[in-house]
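Novice: one predicted model, sequence on top.
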Amino acid sequence: MPKPLSFELNGDTQLVVTRDFDAPPAFVWRAHMEPALIKKWQNGGGDGWEVAEVDIDARVGGKYRMLHKGPDYEFQITGTFLELDEPRRVVQEEIMLLPDPTPPNVVETLFNSHGAGTRMVMTMTLPDAETRKQMMDTGMLDGMELSYQNLDALEIA
């Protein structure tokens, strides 16, 4: 059974998020790379948020964009894939448009077999401690966990 995400701070600039899923790595990878699946698990949480648009060009050098809309606010996440090793590892550069762009954040996500499921370890490397603090102050980790609970409920296909 999955348990809520945990996180740790590494140095001044890294945030490491760990989360277990009952689904195999190939499915958790797909859930992070396929627009239709992203829209299913990143929507909701009972707070009126939705992923209204998702564009993904899943190749090294490919771009991605997600438009998140809430009751009275919207923001975008954009970036470029730097490395892809399906279904084990993705490295991407990420910029949030809030509406002004944040400094680039490099995200490495590992999808490792863990028992019958997956242990996902996401390492975010931000430009400085202040940017990391501002990001965490948004409530991002709570929103991530709500979304991951939605991912837990997806049917494995």
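Specialist: Ah, there it is. Numbers count the residues shown, from 1 in each chain.
Novice: which helix in this protein has the most residues?
Specialist: Ordering each helix of the chain by length in residues (DSSP state H) puts helix 140-153 first.
Novice: the helices in this protein, which residues?
Specialist: 25-33, 35-41, 129-137, 140-153.
Novice: restricting to C-alpha, output the first one in CSV.
Specialist: Spelled out, it's helix 25-33. What follows is helix 25-33 as a C-alpha-only set of coordinates in CSV (Å, rounded to 0.1, in the frame of the first residue of the first chain):
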residue,chain,number,x,y,z
PRO,A,25,7.6,1.5,-12.9
ALA,A,26,6.4,1.3,-16.5
PHE,A,27,3.0,2.5,-15.5
VAL,A,28,4.2,5.3,-13.2
TRP,A,29,6.5,6.4,-16.0
ARG,A,30,3.5,6.5,-18.4
ALA,A,31,1.5,8.4,-15.9
HIS,A,32,4.2,11.1,-15.9
MET,A,33,4.7,11.2,-19.7
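Novice: S147 and Y73, how far apart?
Specialist: Going from S147 to Y73 by Cβ to Cβ, to the nearest Å gives 17 Å. From N, CA and C alone the C-beta is placed, and that goes for glycine too.
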